[in-house]
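Peer 1: Take a look and give me a structure for this.
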Amino acid sequence: MKNIDRRNFLKKTSLSAAGVAAAAILPISVQAKKSRDKNSLYMGGFAAPKLETVRVAIIGVGARGPAHLQFSASLPGTEIVAVCDLYEDLAIKGAGEVKEMGKGQRHQNIATYYGDEDKWKLMLEEVRPDMVFIATNWANHAPMAIEVMNMGAHAFVEVPLAISIDELWKIVDTSEKTQKHCMMMENVNYGRDELLFLNMCRLGVVGELLYGEAAYIHDLRTQMDEEERGTGSWRTYHYAKRNGNLYPTHGLGPVAQYMNLGRKEDNFKSLVSYSSRAIGRSLYAKENYPPDHKWNQLDFKGGDMNTSIIKTSLGRTIMVQWDETSPRPYSRLNLIQGTKGILAGFPTRVALEGGVEGITENHHQWVQGEQLAAIYEKYDHPLYKRLSSTTSESGHGGMDGMMVYRIIECLRKGLPLDQNVYEGCFWSAVSPLSERSVANEGVPQYFPDFTRGNWKETKPLDIIS
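Peer 2: Residues are numbered from 1 along each chain as shown. All right, here's what the predicted structure looks like:
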């Protein structure tokens with residue numbers, strides 16, 4: 001389910017040149033929504049009824065899916081009940097590996113579905129899981145999440161949550177109507193430094209928050225080698241058809257939680273966006289594939305680097321950058337500036353007014369490298385302290401496992417999730433809004449209020465221990 005061919009991409013996502021052009025000039029009125037249906041429930045602090053055993057299904061075990069499947073299977077109180085993928089070999093392999101983990105005790109009755117684009121719907125009808133991981137191509141995220149909730153399960157979706165404002169509103173409406181969670185699985189919020197910075201911000205170490213920087217800078221040109229199966233087989237068409245920030249949430253999610261955006265204190269207001277020239281993908285295709293190769297037949301529209309500036313209701317600003325094409329080291333920036341100091345990533349650094357006792361004399365000097373040991377000792381997030389040894393062997397330095405652990409823990413204990421449906425929508429909305437701003441020479445675009453004003457009553461995320 002992580003793979004989709006060019007014909008189906010164009011057919012199913014409506015991302016033809018005409019479709020993208022139309023999306024870029026949609027009127028602002030599409031952002032306005034009627035009041036919440038009287039039979040719906042605001043989901044900001046929603047806690048679902050406790051589940052003693054969480055029956056888990058997954059759609060998509062090509063790239064991200066296997067790690068979620070295997071780590072959730074290792075946790076107490078879970079039962080893997082179904083695995084679905086477009087490809088038979090991936091579905092069978094995913095189920096087989098989990099059965100082996102169960103050693104004859106758990107996860108032995110796993111239904112497998114494969115071979116057709118819509119087999120996931122049959123899975124939902126026949127198996128009726130409690131929750132579903134959705135680790136498929138971007139275009140399928142919203143339709144799958146909506147159907148999962150309508151079929152009575154909680155949806156946990158890889159990033160981004162959706163690729164259009166209309167889809168995001170449909171997700172919100174469905175979650176509120178069905179009273180089912182729909183969480184975009186932003187794993188970076190569970191990184192050690194991101195949790196550290198969140199804790200330091202909440203403790204007031206850097207004072208009042210003013211400005212942030214977020215990014216996803218990651219050279220992924222080699223994914224184009226995945227021509228028939230794999231992420232590059234469908235993601236490459238996005239680079240060709242869309243021009244904006246296509247992948248904002250890894251950098252933005254943590255900064256948004258530092259600032260409590262969408263939660264009582266502040267919220268997203270507007271965005272302006274510009275893209276650089278689109279050069280890198282075409283050059284890479286010419287240098288690495290024959291002239292008649294399908295990648296050399298594409299006219300890549302997406303600028304190599306996109307820079308967007310977000311303004312919040314309180315007047316804070318966030319620079320958000322995206323570049324999956326240029327030859328440069330990986331970075332998420334991860335910077336938060338306050339009135340008393342600054343926390344910065346890549347590499348991790350801290351500077352505080354008056355200095356850090358025993359290390360620096362003033363804010364003109366960074367605390368970095370081995371000096372950071374004292375900062376970790378004093379400010380490491382309690383969740384990291386509790387779970388790091390359990391999740392350290394999971395993907396991305398342990399953040400993947402910590403995220404899945406918390407999902408299962410919250411479902412079993414009947415707790416609100418660490419990321420609510422509205423946060424996933426706000427963070428994902430940067431993509432379509434940036435596309436619209438770029439297409440209109442940087443004209444400001446206003447964020448829809450997916451909470452319909454209820455963000456003012458939604459308490460900030462607790463510093464969970």
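
Peer 1: Could you check how far the nearest residue to H141 once chain neighbours are set aside is from A91?
Peer 2: In space, and not counting its chain neighbours, H141 is closest to V157: 5.1 Å by CB to CB, 6 or more residues apart in numbering. Using the backbone N, CA and C atoms, a C-beta is placed for each residue, glycine as well. According to CB to CB, to the nearest Å, V157 stands 19 Å off from A91.

Peer 1: Same question for T136.
Peer 2: 13 Å.

Peer 1: So between those two, which is more surrounded?
Peer 2: T136 (29 against 26; other CB atoms under 10 Å).

Peer 1: end-to-end on stretch 343-357?
Peer 2: Stretch 343-357 has an end-to-end distance of 16 Å (CA to CA, to the nearest Å).

Peer 1: residue ranges of the helices in the stretch 151-300 of the chain, please?
Peer 2: Here the stretch 151-300 of the chain has its helices, by DSSP state H, counting those that start in this stretch, at 165-178, 192-202, 232-241, 249-258, 280-288.

Peer 1: So which other helices or strands are in contact with the first one?
Peer 2: Think helix 165-178. helix 138-150, strand 182-184, helix 421-439 (3 or more CB pairs under 8 Å, 6 or more residues apart in numbering; DSSP states H and E).

Peer 1: Okay, now the sheet partners of the second one, with direction.
Peer 2: What that stands for is strand 182-184. Sheet neighbours of strand 182-184, with direction, are listed as strand 154-157 (parallel) (DSSP bridges).

Peer 1: what's the average pLDDT for the partner strand?
Peer 2: Averaging pLDDT along strand 154-157 yields 98.

Peer 1: quick one: buried residues of that strand?
Peer 2: By 16 or more other CB atoms under 10 Å, the buried positions in strand 154-157 come out as H154, A155, F156, V157.

Peer 1: ok, L122 - contacts?
Peer 2: For L122, the contact set (CB atoms under 8 Å, 6 or more residues apart in numbering) comprises Y113.

Peer 1: Moving C-terminal from the one helix or strand it maps to, which element do we reach first?
Peer 2: Using DSSP states H and E, L122 sits in helix 119-127. Counting by DSSP H and E, the next helix or strand C-terminal to helix 119-127 is strand 131-134.

Peer 1: would JSON lines of the buried residues of strand 154-157 with distance to S434 be doable?
Peer 2: Formatted as JSON lines, the buried residues of strand 154-157 follow (distance: CB to CB, whole Å):
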{"residue": "H154", "distance to S434": "29"}
{"residue": "A155", "distance to S434": "25"}
{"residue": "F156", "distance to S434": "25"}
{"residue": "V157", "distance to S434": "20"}
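
Peer 1: Need the max-distance pair from those residues.
Peer 2: H154 and V157 (10.4 Å; CB to CB).

Peer 1: anything in contact with each of the two?
Peer 2: With CB under 8 Å, 6+ apart as the test, H154 and V157 both reach C182, M183.

Peer 1: still on that earlier bit, closest to G45 out of the helices of the stretch 151-300 of the chain?
Peer 2: helix 165-178 (13.0 Å).

Peer 1: Where does pLDDT dip in the stretch 1-150 of the chain?
Peer 2: 1-32 (pLDDT under 70).

Peer 1: now do 50
Peer 2: Residue ranges of the stretch 1-150 of the chain with pLDDT under 50: 1-30.

Peer 1: Please identify which helix or strand holds M402.
Peer 2: helix 399-413.

Peer 1: any idea of the angle that helix forms with helix 192-202?
Peer 2: Using axes from the mean of the first three to the mean of the last three CA atoms, to 10 degrees, the inter-axis angle of helix 399-413 relative to helix 192-202 is 60 degrees.

Peer 1: in helix 399-413, what's buried?
Peer 2: The neighbour-count check on helix 399-413 (16+ other CB under 10 Å) flags 399-412 as buried.

Peer 1: could the residues you listed be laid out in TSV, adding pLDDT?
Peer 2: What follows is the buried residues of helix 399-413, written out as TSV (pLDDT from 0 to 100):
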residue	pLDDT
M399	96
D400	97
G401	97
M402	98
M403	98
V404	98
Y405	98
R406	98
I407	98
I408	98
E409	98
C410	98
L411	98
R412	98
